[in-house]
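K.L.:
build the 3D model from these lines:
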Amino acid sequence: MGFPGTWMTESESVVYRVVPKCACSSIGQIMYFSDHGHFFDGDIHDSKTGLHKWSQEESQAPIAENVTAHKSYAFTCVRNPYQRILSSFFDKIAGIQRNGRRYRGNLVPQLAQKYGIEVGSPENGFEFDQIASFRRFLLFARDTIRWRRPMEPDIHWSAMSGHISTFIVNGGRYDSIFFTEKFNEGMQTVLDAIETPVKVDLAQVPRFNESEGHGPKRAHEVSAYFDDLSRHLIWEIYKKDFQLFRYDFDDPDNKMPVGEIDLDEVHAKLGD
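P.N.:
Here you go, the predicted model:
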């Protein structure tokens, strides 16, 4: 199994377990800058050099060796589950991707046919019933996670605890898990704990939101998208995420965590 979704600086100053839709573009660029003194030109997910990634065969041995021996500081980042699934919908389902096409080719037409999801288009200014379509998407997301049909769950909406657990189960240990909602504070904690070839001034780092501007803007407050059934589905899918990472299930409009993450509890509950 190894360490899927794990990135490490070439200097081995730090190890990061990617969780999609949780500031991963910004984190990857900061890691890249901390080794090279400049940002990667393009989406950091497309880089093939300058950063060790588990998906690159030549990176697997150094990552595995480092993580199993816990040679470097290891961290990840989490986000409010309500906000994260909404972001996935607007980016991956309703949005147009960087390559100018829909995400995963025929996925959106398939969802239109099977679940009645409409997403509009750039031609009509992405006019569609956002609330109705999102709730139908949520049924689809639950079906992929619960029954793995009509397809395997996508990394962008599968639970954060699932991503985070593979690192622990295969022998890794986190030194820090911080909140996207408190990004600068959490990232600074990481930078303070490590030695990097190039010093990073977080105040000077631009935001790398690769999904920005490719699709419709959210038209309503978060709670408007989640009726009783939607919240039931959200709990079914993300119960562990709410509990372990201390997010507020009762108030979808409160994106902030309501407590601190207990790392020992995370390792105990996700390490089985």
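K.L.:
now the helices for the stretch 51-200 of the chain?
P.N.:
Counting by DSSP state H, counting those that start in this stretch, the stretch 51-200 of the chain has helices at residues 57-69, 81-88, 107-115, 130-147, 160-169, 183-193.
K.L.:
please identify the most buried of those helices.
P.N.:
Ranked by mean neighbour count, the helices of the stretch 51-200 of the chain are led by helix 81-88 with a mean of 23 (mean count of other Cβ atoms under 10 Å). To be clear about C-beta, it is placed using only N, CA and C from the backbone, and glycine gets the same treatment.
K.L.:
how far out from the middle of the chain is that helix?
P.N.:
9 Å (Cα atoms, centre = their mean, to the nearest Å).
K.L.:
and that helix, what other elements does it pack with?
P.N.:
If contacts are counted by 3 or more Cβ pairs under 8 Å, 6 or more residues apart in numbering; DSSP states H and E, helix 81-88 sits against helix 130-147, helix 228-245.
K.L.:
format those helices as TSV; extra columns: distance to residue 32.
P.N.:
Formatted as TSV, those follow (distance: least, Cβ to Cβ, whole Å):
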stretch	distance to residue 32
helix 130-147	31
helix 228-245	26
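K.L.:
can you redo the ones you listed as JSON lines with distance to residue 56 and mean pLDDT?
P.N.:
Putting those into JSON lines (distance: least, Cβ to Cβ, whole Å; pLDDT from 0 to 100) gives the following:
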{"stretch": "helix 130-147", "distance to residue 56": "27", "mean pLDDT": "96"}
{"stretch": "helix 228-245", "distance to residue 56": "28", "mean pLDDT": "97"}
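K.L.:
out of those, nearest to residue 92?
P.N.:
helix 130-147 (9.5 Å; Cβ to Cβ).
K.L.:
just checking, what packs against the closest one?
P.N.:
By 3+ Cβ pairs under 8 Å, 6+ apart, helix 130-147 packs against helix 81-88, helix 107-115, helix 228-245.
K.L.:
any chance of a markdown table for those, columns distance to residue 124?
P.N.:
Output for the helices and strands packed on helix 130-147, formatted as a markdown table (distance: least, Cβ to Cβ, whole Å):
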| stretch | distance to residue 124 |
| --- | --- |
| helix 81-88 | 21 |
| helix 107-115 | 15 |
| helix 228-245 | 25 |
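K.L.:
out of those, flag the one nearest residue 146.
P.N.:
helix 228-245 (7.3 Å).
K.L.:
now what about the helix or strand following the closest one, what contacts it?
P.N.:
Counting by DSSP states H and E, the next helix or strand C-terminal to helix 228-245 is helix 263-270. Helix 263-270 is contacted from outside by 161, 164-165, 168-169, 173-177, 240, 244, using Cβ atoms under 8 Å, 6 or more residues apart in numbering.
K.L.:
widest-spaced pair of these?
P.N.:
Among the contacts of helix 263-270, 175 and 240 lie farthest apart (Cβ to Cβ), at 20.8 Å.
K.L.:
export the helices of the stretch 51-200 of the chain to JSON lines and tack on distance to residue 37?
P.N.:
Output for the helices of the stretch 51-200 of the chain, formatted as JSON lines (distance: least, Cβ to Cβ, whole Å):
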{"stretch": "helix 57-69", "distance to residue 37": "21"}
{"stretch": "helix 81-88", "distance to residue 37": "31"}
{"stretch": "helix 107-115", "distance to residue 37": "39"}
{"stretch": "helix 130-147", "distance to residue 37": "40"}
{"stretch": "helix 160-169", "distance to residue 37": "28"}
{"stretch": "helix 183-193", "distance to residue 37": "15"}
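K.L.:
roughly how far does the closest residue to residue 68 other than its chain neighbours sit from residue 269?
P.N.:
Nearest non-adjacent residue to residue 68, counting by Cβ to Cβ, 6 or more residues apart in numbering: residue 171, 4.7 Å away. For residue 171, the distance to residue 269 equals 17 Å [Cβ to Cβ, to the nearest Å].
K.L.:
now swap in residue 218 and tell me
P.N.:
Taking Cβ to Cβ, one finds residue 218 at 32 Å from residue 269.
K.L.:
residue 2 too?
P.N.:
22 Å.
K.L.:
repeat that for residue 11.
P.N.:
Taking Cβ to Cβ, one finds residue 11 at 32 Å from residue 269.
K.L.:
do the same with residue 76
P.N.:
In terms of Cβ to Cβ, residue 76 sits 15 Å off from residue 269.
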